[in-house]
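Engineer: Just the structure for this:
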Amino acid sequence: MDEGYIKFNPHWVKSPSFSYDGLTALMEARQKLYRKNLIGAYPSGIGFGNISVRNPLAVHSNAFFISGSATGHIPQLTKAHFSLVTKVDIEQNILYCEGPVIASSESMSHAVIYRECPEVQAVVHVHHLEMWRQLLHKVPTTDAAATYGTPEMAWSIVDLLKKTDLRDTKLFVMQGHEEGVFAFGNSLEEAVEVILSALENGVG
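Structural biologist: Next up is the predicted model:
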């Protein structure tokens, strides 16, 4: 299983933790999802799930803060567990980031949502097998051949944004990534609420 491994070519500049106050709300939102086991780690130790917010200080940019790679198992994140993605080249499969940790393996998928949807301020990726099964093909669903963290997944997301009602529902399932569900919102609160509502209504 290749779960959790980075598939993009990272250009990572290691730097101190960020002082951005908005990370506090991001940590609280992540904690809410962690408590519901939507973000966490498998018995093997491999982590799953990630959360991000657009960087409001980067005008005319699609930069965003995201939980770092291999942080899923950590009960309570601090500012030392976040990375700032500054640029993405999907065609070349290159991702530029900086911070105390390298960006999550799913950063490419987050990046394409921010690029295609300027109004989006937060993105959430969680794992939940039953919810995934319930929502598969009932909500916008990525191509089965597109695996997580790849340019193919990014292009599949773009395709959904163009051809389905994804911009309105703000929720999609990753067919080629079992358990994987994405949500986004015009605020961090909305992105989290979309996932929690899907969990409650889709699973019961």
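Engineer: which residue packs closest to Leu77, ignoring adjacent ones?
Structural biologist: Setting aside the residues directly before and after it, Leu77 is nearest to Met27 in space (CB to CB, 6 or more residues apart in numbering), at 5.2 Å. Yep, even glycine has a C-beta here, placed from its N, CA and C like the rest.
Engineer: Wait, a helix at that neighbour?
Structural biologist: Yes. Counting by DSSP: H, G, I helix; E, B strand; the rest coil, Met27 is found in a helix.
Engineer: roughly how far apart are it and Lys79?
Structural biologist: Using CB to CB, to the nearest Å, we find Met27 at a distance of 8 Å from Lys79.
Engineer: hey, which helix is longest across this protein?
Structural biologist: As assigned by DSSP state H, the longest helix anywhere in the chain is helix 188-203.
Engineer: Now do it: distance to the chain's middle.
Structural biologist: Here helix 188-203 is found 14 Å from its chain centre; the criterion is CA atoms, centre = their mean, to the nearest Å.
Engineer: Can you name every helix or strand that that helix contacts?
Structural biologist: helix 22-35, strand 122-127, helix 129-135, strand 171-173, strand 180-185 (3 or more CB pairs under 8 Å, 6 or more residues apart in numbering; DSSP states H and E).
Engineer: if we compare these, which one ends up closest to Ser83?
Structural biologist: Proximity to Ser83 (CB to CB) singles out helix 22-35 among the helices and strands packed on helix 188-203, at 11.1 Å.
Engineer: Packing partners of that closest one?
Structural biologist: strand 50-54, strand 64-67, strand 122-127, helix 188-203.
Engineer: List the contacts of that helix.
Structural biologist: The contact list for helix 22-35, computed with CB atoms under 8 Å, 6 or more residues apart in numbering, reads 39-40, 49, 51-53, 56, 65, 67, 75-79, 82, 122, 124, 126, 188-189, 191-192, 195-196.
Engineer: Show me what the helix or strand hosting Arg115 is in contact with.
Structural biologist: For Arg115, the host element (DSSP states H and E) is helix 107-116. Outside helix 107-116, the residues within contact range by CB under 8 Å, 6+ apart are 7-8, 50, 52, 54, 62, 64, 66, 83, 85, 88, 90, 93, 95, 97, 104, 120, 123, 125, 148-151, 153-155, 157-158, 161, 182, 184.
Engineer: So what's the residue count around Lys138?
Structural biologist: Neighbourhood size, Lys138 [other CB atoms under 10 Å]: 9.
Engineer: quick one on the thing from earlier: mark which of the contacts of helix 22-35 are buried, thanks.
Structural biologist: The neighbour-count test (16 or more other CB atoms under 10 Å) applied to the contacts of helix 22-35 identifies 39-40, 49, 51-53, 65, 67, 77, 79, 82, 122, 124, 126, 188, 191-192, 195-196 as buried.
Engineer: mind listing what His81 touches?
Structural biologist: Contacts of His81 by CB under 8 Å, 6+ apart are Ser67, Gly68, Thr71, Ile74, Pro100, Val101.
Engineer: Can you list the buried residues in the longest strand anywhere in the chain?
Structural biologist: Determined from DSSP state E, the single longest strand within the chain is strand 82-89. For strand 82-89, the neighbour count (16+ other CB under 10 Å) marks Phe82, Ser83, Leu84, Val85, Thr86, Val88 as buried.
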